[in-house]
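Enquirer: Need coordinates for the following:
(chains A, B, C and D)
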Number of protein chains: 2
Amino acid sequence: MQTPDRRITLADVAAEAGVSTALVSIVMRGAPGAGAATRERVLEIAQRLGYQPDSRARLLRSGRSRLLGVVFDVRHPFHVDVLTGLYDAADKAGYQLTLSAETPRRADRAAVDDLLQDRCEALILLTPSLRTADLAALAARLPVVAMMRAVRQRDVDVVQTDDRRGARQAVDHLVGLGHRRIAHVDGGTQHGAAERRTGYEEAMRDHGLGGLIRIVPGGSGEEDGARAAAGLLADPPTAVTTFNDLAATGLLDVLRRHGLDAPRDISVVGYDDSSFSRLAHVDLTTVAQDIEEMATRAVGRAIDRIETVPVARREVVIAPRLVVRGTTGPLPIRS
Amino acid sequence: MQTPDRRITLADVAAEAGVSTALVSIVMRGAPGAGAATRERVLEIAQRLGYQPDSRARLLRSGRSRLLGVVFDVRHPFHVDVLTGLYDAADKAGYQLTLSAETPRRADRAAVDDLLQDRCEALILLTPSLRTADLAALAARLPVVAMMRAVRQRDVDVVQTDDRRGARQAVDHLVGLGHRRIAHVDGGTQHGAAERRTGYEEAMRDHGLGGLIRIVPGGSGEEDGARAAAGLLADPPTAVTTFNDLAATGLLDVLRRHGLDAPRDISVVGYDDSSFSRLAHVDLTTVAQDIEEMATRAVGRAIDRIETVPVARREVVIAPRLVVRGTTGPLPIRS
DNA sequence: CGCAAACTCTAGAACGTTCTAGTGCGCGTG
DNA sequence: CACGCGCACTAGAACGTTCTAGAGTTTGCG
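Expert: Okay, here's the model as predicted:
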């Protein structure tokens, strides 16, 4: 049934129009150097034959691919949200995106290799789990932009959220509501955990609450939050900031099972504004990363490097934004 | 700082080894026709120079790309889960995947066009929103597999869940718990909604509950579920099956605000086993699509078509599986 | 009217591979 | 010793583009 025929090429269009392939190429690219009448006729014929340029051949010759490789992780709650922004930005700049996913059974090494074969001109990595040395090796071959992760490496560009500031915003918000005994559920060795912890500590001190600093070990999963909750139950604080939304929901769930309701008895702030935190059911106050802005900047930086525009600073730091929802409220009046 | 040099090509390796490019090509592909000693030496040199084949040039010449194009939607909760399975299956079959995403501002038309330019040999579309006519036009050019959506079109292959059966499983489960007054929140015009509704109706009739069939309009979003809940509150049933998980959470939330707790007062079953439904907080009983199996079958079917293996049936229907969690329980004893 | 400049178009090489059709060589065999 | 055969290897075309250089033709202008 299928008629895979031969694909329509420039030569077919050229033959039909009675011109050279070079001219058809000019017309298809919209490049100068073709008469208006011919241009129109060639376009019409191309349309009619269903001609579609072969990007492989095109970039094989031209050297340029105008292709940005993106590695994302299927497990990461908001990586897909970032994609939306990346597509927008790339589109606007006349670049294409080629995606490669990291999955539970496919390391980002493999994802990167796929992209390299595709000849993209720069790599944008979302929260890369590659070691710094590997990143450096990559960066020696083509421009590399790491998103949402700090990388101490001269040749790797970084676009990330000001996590210290995000954590401070969370604390400021809680203090504004009257809270003083505010704990922090730590993210352990996760990327960004150190910054968020530091932000929490600084903010506490700034508010004269240095003596009330209380950090409990946590992690990035729901179960980590649940474990942290168990540790807090003996002497519950009035508010908690967490490493991320997943940990926050785990925490909230255990607290609720023990009769502590948010925001009546305790306030909780998450981090990331993952899509599920918007569910009416969860309704989590959280720190949102400015995904739109980050995506735009990441694409911009990648293109700057490709086109060797000199850039002043290697790191781009974006301000986060507190999203107040239903899990935070005024200090409960203790009986 | 960056040394974009020239990329290492076959010719570089050939020169270094003192052989022809053709021979290097043979070695790199592992094709027969090279001596063991030479083979080893060439491989060593390629390794040392950091040679990496240029897939574009390769497939420009060979015609074959061994590339499967996948279109997914960033908004769809479990599309990313499907990717994991697709990668596994493609890997095993020696094919590569190239992804293109549909976003709020990027129609799947555009996503498909990108893939066509990339010369992939078949397309796998996750819940495509394309019209049937467009799908047919596509299928005339290359094999097309639609996942999770019925397509009444001879040339398009379909891999989907038996939604009627899934809905029946949900009803069976509830009836087994003693429920009789079971309502269904409909998905409206969404793909699969009709099948799920029919499954619900059939199951109700099979259990002799045809007279208790109650279908309320809903949709695919949380707010649709919330609206449906409002409609049920006047005379709440003891259990509800829903079109999907998002609608189920919206429903649950409104019910809870009105003092109806699941599973104490009412049981609710979702559909899809979206990742958020696993949250301890949500803990939703739901119908899971067998993502692993679907991915394997979709890739298999795509490859069959590429290699023109005759296939008996155009549609592959996969059995769903009920995942019992915390939102369903025995019939409450009415006071 | 003559000459340069501008415009439209073309020939042919180039990109990095794979493929086809060989070449040359050693070796076993009639 | 000539012959055929298999093996290791190579030359050169081919894939579908873009690019460079240049060939004709028209236009502009003194």
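Enquirer: and the residue nearest to A:Q153 when sequence neighbours are not counted, what does it touch?
Expert: Nearest non-adjacent residue to A:Q153, counting by Cβ to Cβ, 6 or more residues apart in numbering or on different chains: A:A136, 5.0 Å away. All C-beta atoms are positioned from the backbone trio N, CA, C, and that covers glycine. Contacts for A:A136 (Cβ atoms under 8 Å, 6 or more residues apart in numbering or on different chains) come out as A:Q153, A:D155, A:V156.
Enquirer: Retrieve the pLDDT associated with the closest residue to DNA strand C within the stretch 101-250 of chain A.
Expert: Residue of the stretch 101-250 of chain A nearest DNA strand C, by Cβ to the nearest atom of the strand: A:R119 (8.9 Å). With respect to pLDDT, A:R119 has a value of 78.
Enquirer: Equivalent analysis for A:M1, please.
Expert: Confidence for A:M1, expressed as pLDDT, is 33.
Enquirer: Let's verify A:L99: helix, strand, or coil?
Expert: Following DSSP: H, G, I helix; E, B strand; the rest coil, we place A:L99 in the strand state.
Enquirer: Report the beta-bridge partner residues of it.
Expert: Listed beta-bridge partners, A:L99: A:V70, B:L99 (assigned using DSSP bridges).
Enquirer: Correct me if wrong: it contacts B:L97.
Expert: No - counting by Cβ atoms under 8 Å, A:L99 stays clear of B:L97, with 9.2 Å between them.
Enquirer: Chain A: helices as residue ranges?
Expert: For chain A, the helices defined by DSSP state H occupy A:10-17, A:21-29, A:36-49, A:55-62, A:79-93, A:108-117, A:132-141, A:163-176, A:193-206, A:222-232, A:245-257, A:291-306.
Enquirer: can you redo those helices as TSV with distance to DNA strand C?
Expert: Listed next are the helices of chain A as TSV, based on distance: least, Cβ to the nearest atom of the strand, whole Å:
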stretch	distance to DNA strand C
helix A:10-17	7
helix A:21-29	4
helix A:36-49	4
helix A:55-62	3
helix A:79-93	24
helix A:108-117	10
helix A:132-141	14
helix A:163-176	41
helix A:193-206	42
helix A:222-232	46
helix A:245-257	43
helix A:291-306	17
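Enquirer: Now the weakest link among the ones you listed, please, by mean pLDDT.
Expert: If you rank the helices of chain A by mean pLDDT, helix A:55-62 sits at the bottom with a mean of 84.
Enquirer: Contacts only, for A:V151.
Expert: A:P128, A:T132, A:L135, A:V158.
Enquirer: residue contacts, the third one?
Expert: Think A:L135. Contact analysis of A:L135 by Cβ under 8 Å, 6+ apart lists A:L125, A:P128, A:V144, A:A146, A:V151, A:Q153, A:V156.
Enquirer: Closest one to B:V42 out of those, please.
Expert: Each of the contacts of A:L135 was scored against B:V42 by Cβ to Cβ, and A:V144 proved nearest at 29.5 Å.
Enquirer: What is the burial count for the closest residue to A:L209 other than its chain neighbours?
Expert: Leaving out its chain neighbours, the residue that sits closest to A:L209 by Cβ to Cβ, 6+ apart is A:R180, at 5.8 Å. A count of neighbours around A:R180, defined by other Cβ atoms under 10 Å in any protein chain shown, yields 16.
Enquirer: quick one: A:R180 and A:G211 touch, right?
Expert: No - here A:R180 does not reach A:G211: they are 9.9 Å apart, not a contact under Cβ under 8 Å.
Enquirer: and the residue nearest the centre of chain A, how far is that from DNA strand D?
Expert: Central residue of chain A (Cα atoms, centre = their mean): A:V82, 4.4 Å from the mean position. Distance, A:V82 to DNA strand D, using Cβ to the nearest atom of the strand, to the nearest Å: 30 Å.
Enquirer: tell me the domain ranges of chain A?
Expert: Domain assignment for chain A by automatic domain parsing gives A:10-53, A:65-161+A:291-317, A:163-289.
Enquirer: Just put those domains in a markdown table and tack on distance to B:T308.
Expert: A markdown table is the format used below for the domains of chain A (distance: least, Cβ to Cβ, whole Å):
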| stretch | distance to B:T308 |
| --- | --- |
| domain A:10-53 | 22 |
| domain A:65-161+A:291-317 | 26 |
| domain A:163-289 | 41 |
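Enquirer: Out of the helices of chain A, flag the one nearest B:A194.
Expert: Per Cβ to Cβ, nearest to B:A194 of the helices of chain A: helix A:79-93, 27.9 Å.
Enquirer: what distance separates that closest one from the middle of the whole chain?
Expert: The chain centre lies 10 Å from the centre of helix A:79-93; the measure is Cα atoms, centre = their mean, to the nearest Å.
Enquirer: neighbours around the residue nearest to A:P263 when sequence neighbours are not counted, how many?
Expert: Distance criterion Cβ to Cβ, 6+ apart; nearest residue to A:P263, sequence neighbours excluded, is A:G329 at 3.1 Å. Residues near A:G329, counting by other Cβ under 10 Å, number 19.
Enquirer: hang on, A:G329 packs against A:L177?
Expert: Yes - here A:G329 reaches A:L177: they are 6.6 Å apart, a contact under Cβ under 8 Å.
Enquirer: okay, and the common contacts of these two?
Expert: Shared contacts of A:G329 and A:L177 (Cβ under 8 Å, 6+ apart): A:S267.
Enquirer: about what we covered before: deepest-packed of the helices of chain A, please.
Expert: Most buried of the helices of chain A, by mean neighbour count (mean count of other Cβ atoms under 10 Å in any protein chain shown): helix A:245-257, with a mean of 25.
Enquirer: which strands and helices sit next to that helix?
Expert: Other helices and strands packing on helix A:245-257, by 3 or more Cβ pairs under 8 Å, 6 or more residues apart in numbering or on different chains; DSSP states H and E, are strand A:182-185, helix A:222-232, strand A:239-242, strand A:267-271.
Enquirer: Give me the contact list for the last one.
Expert: Translated: strand A:267-271. So strand A:267-271 is contacted by A:166-167, A:170, A:173-174, A:177, A:179, A:196, A:238-245, A:247-249, A:251-252, A:255, A:262, A:277, A:284-287, A:322, A:327-329 (Cβ under 8 Å, 6+ apart).
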